[in-house]
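Engineer: Predicted model and sequence below, questions to follow.
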Amino acid sequence: MTPTQSSFEVLAAELTRQPGVERATPGKKGFGAGTLKVGGKIFAMVSSRGAFVLKLPRERVASLVAAGQGQAFDPGHGRVMKEWVEWPGAPDLAVWRVLAAEALAWVGGQTN
């Protein structure tokens with residue numbers, strides 16, 4: 001298990017204690033595998049390339065990218081997903097917790 005996957009497991013264990021937060025269906029492959037969901041919608045995941053990825057408002061993603069704190073996320077088909085940001089470099093669980101809370105609140109608010 002990579003450091004990113006290990007850190008994601010810690011984060012997932014914490015977040016799945018919150019109402020409505022669930023893990024992806026075991027055995028799922030491709031986009032949606034290794035994810036955290038709220039209301040059936042993905043808000044955080046580890047990409048197929050092993051990066052931590054979050055769904056946030058496009059303005060927030062743009063500001064993280066502009067500040068050098070995130071990278072635009074391309075799932076591999078050559079098109080950047082504007083509401084998804086990839087955390088570059090080594091895991092930082094303290095930062096991940098803050099960003100995951102933002103993503104959970106934003107995506108969770110969209111499901112109501």
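Structural biologist: Arrived safely.

Engineer: quick one: the helices in the protein?
Structural biologist: If DSSP state H is used as the criterion, the helices of the chain fall at 3-15, 58-66, 93-110.

Engineer: tell me which residues of the last one are tucked away?
Structural biologist: Neighbour counts over helix 93-110 (16 or more other CB atoms under 10 Å) mark W96, L99, A100, E102, A103, L104, W106, V107, G108 as buried. The C-beta positions use only the backbone N, C-alpha and C, and glycine is treated the same way.

Engineer: Is L54 bridged to anything, and to what?
Structural biologist: Bridge pairing for L54 (DSSP bridges) gives the partners A44, V85.

Engineer: burial count for it?
Structural biologist: Look at L54: counted by other CB atoms under 10 Å, it has 27 neighbours.

Engineer: so it makes contact with W87?
Structural biologist: Yes. Using CB atoms under 8 Å, L54 makes contact with W87 at a distance of 7.5 Å.

Engineer: quick revisit: to H77, which of the helices of the chain lies closest?
Structural biologist: For H77, the closest of those is helix 58-66, at 17.8 Å, according to CB to CB.

Engineer: can you give me the angle that closest one makes with helix 93-110?
Structural biologist: Using axes from the mean of the first three to the mean of the last three CA atoms, to 10 degrees, the inter-axis angle of helix 58-66 relative to helix 93-110 is 160 degrees.
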